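Novice: can't give you the sequence, but here's the structure:
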Ligand SMILES: NC(=O)C1=CN([C@@H]2O[C@H](COP(=O)(O)OP(=O)(O)OC[C@H]3O[C@@H](n4cnc5c(N)ncnc54)[C@H](OP(=O)(O)O)[C@@H]3O)[C@@H](O)[C@H]2O)C=CC1
Ligand SMILES: C[C@H](O)[C@@H]1OC(=O)[C@H](O)[C@@H]1O
């Protein structure tokens with residue numbers, strides 16, 4: 001037999017930023033593939049909406065309102081998942097934000113907020129979940145949601161870009177250190193997808209034309225097209241992939257001239 005399993009039946013997953021956008025799509029997609037999913041973000045109402053969709057699929061959820069920039073909240077939420085479900089198989093570090101200031105206008109507060117939300121949170125979540133994956137269930141899968149902005153220069157903010165580049169490098173080092181524990185660490189690098197974070201930008205037709213001009217597939221991605229690669233990296237089918245960033249970008253990062 002040469003086709004490994006993409007099935008996540010019996011797996012437990014944690015998704016940060018699961019209240020809306022890409023995180024909600026990933027959480028639902030992991031549940032559709034069979035996983036039970038713990039949902040983290042700051043807005044409980046959003047998490048409850050995601051939870052009701054997943055529970056209608058017959059999967060379990062844990063609604064865990066959490067500010068992932070705070071170590072104590074990260075520790076408590078990840079401990080709650082381990083206590084309730086006995087293991088953590090999959091962690092998706094998705095929570096993120098952007099303030100699209102030009103470099104000369106970016107403030108120290110903007111730097112700190114973007115760095116804490118996009119990068120520090122992923123490191124803390126990975127530490128807390130990684131300990132459990134190492135000690136309690138002999139391995140796991142960590143998927144960081146980076147961005148093409150960490151690979152090529154975009155007009156969407158230098159601080160954000162720095163966090164995403166750092167996230168991809170953190171992916172490599174954690175993959176090297178934790179491979180011996182059976183923990184795979186990978187990143188996904190999306191180009192634009194329509195979410196609350198980008199809806200204003202994507203409502204501007206001229207901006208969309210600029211996007212399509214550098215996108216070989218000549219269209220904005222659909223969220224299921226981002227969820228598929230996450231399920232692949234979360235499943236046995238991805239068992240020999242680690243330290244990689246998989247760009248889900250319509251070809252944008254290879255667009256030359
Ligand atoms: N949309 C796109 O085109 C692209 C997005 N990305 C990345 O994908 C990820 C998701 O983006 P997207 O879905 O568009 O963004 P959204 O703004 O739509 O959703 C972000 C999610 O993260 C949560 N979040 C934000 N800050 C925190 C925090 N401090 N603690 C816990 N949760 C938090 C939000 O919930 P709450 O505010 O309630 O806490 C929300 O659920 C981000 O990392 C982004 O950088 C990468 C490339 C392209
Ligand atoms: C592709 C980027 O990640 C995208 O650009 C933006 O302006 C948003 O912040 C998204 O993250």
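Specialist: That came through, no problem. Since we're looking at a predicted model, the values are computed, not measured. Ligands and ions are numbered 1, 2, ... in the order given.

Novice: Let me see the contact set for residue 96.
Specialist: With contact taken as C-beta atoms under 8 Å, 6 or more residues apart in numbering, residue 96 is in contact with 17, 117-118, 145, 163, 197. For glycine as for every other residue, the C-beta is placed from the backbone atoms N, C-alpha and C.

Novice: restrict those to those near ligand 1?
Specialist: 17, 117-118, 145, 197 (C-beta under 6 Å from any ligand atom).

Novice: Hmm, residue 148 is touching residue 251, no?
Specialist: No. Taking contacts as C-beta atoms under 8 Å, residue 148 lies outside contact range of residue 251: 10.5 Å.

Novice: More neighbours: which of the two?
Specialist: residue 148 (22 against 13; other C-beta atoms under 10 Å).

Novice: Count the neighbours of residue 127 for me.
Specialist: 14.

Novice: Which helix or strand contains the closest residue to ligand 1 within the stretch 51-200 of the chain?
Specialist: At 2.2 Å from ligand 1, residue 96 is the closest residue in the stretch 51-200 of the chain, using C-beta to the nearest ligand atom. Assessed by DSSP states H and E, residue 96 sits outside every helix and strand.

Novice: now it: how far from ligand 2?
Specialist: Between residue 96 and ligand 2 the computed distance is 7 Å (C-beta to the nearest ligand atom, to the nearest Å).

Novice: Next, that residue: phi, psi?
Specialist: Torsion angles at residue 96 (phi, psi; degrees, to the nearest 10) stand at phi -170, psi 170.

Novice: confidence score at it?
Specialist: On pLDDT, residue 96 comes in at 98.

Novice: distance of it from residue 130?
Specialist: Residue 96 is 20 Å from residue 130, where distance means C-beta to C-beta, to the nearest Å.

Novice: Tell me the residues of this protein that contact ligand 1?
Specialist: 16-17, 19-23, 41-43, 46, 66-69, 94-97, 117-118, 145, 147, 190, 192-193, 195-198.

Novice: Any of those buried? List them.
Specialist: 16-17, 19-23, 41-42, 46, 66-69, 94-96, 117-118, 145, 147, 190, 192-193, 195, 197-198 (16 or more other C-beta atoms under 10 Å).

Novice: quick one on the thing from earlier: which ones among the ones next to ligand 1 among the contacts of residue 96 map onto strands?
Specialist: Assigned to strands by DSSP state E, the following of the ones next to ligand 1 among the contacts of residue 96 qualify: residue 145.
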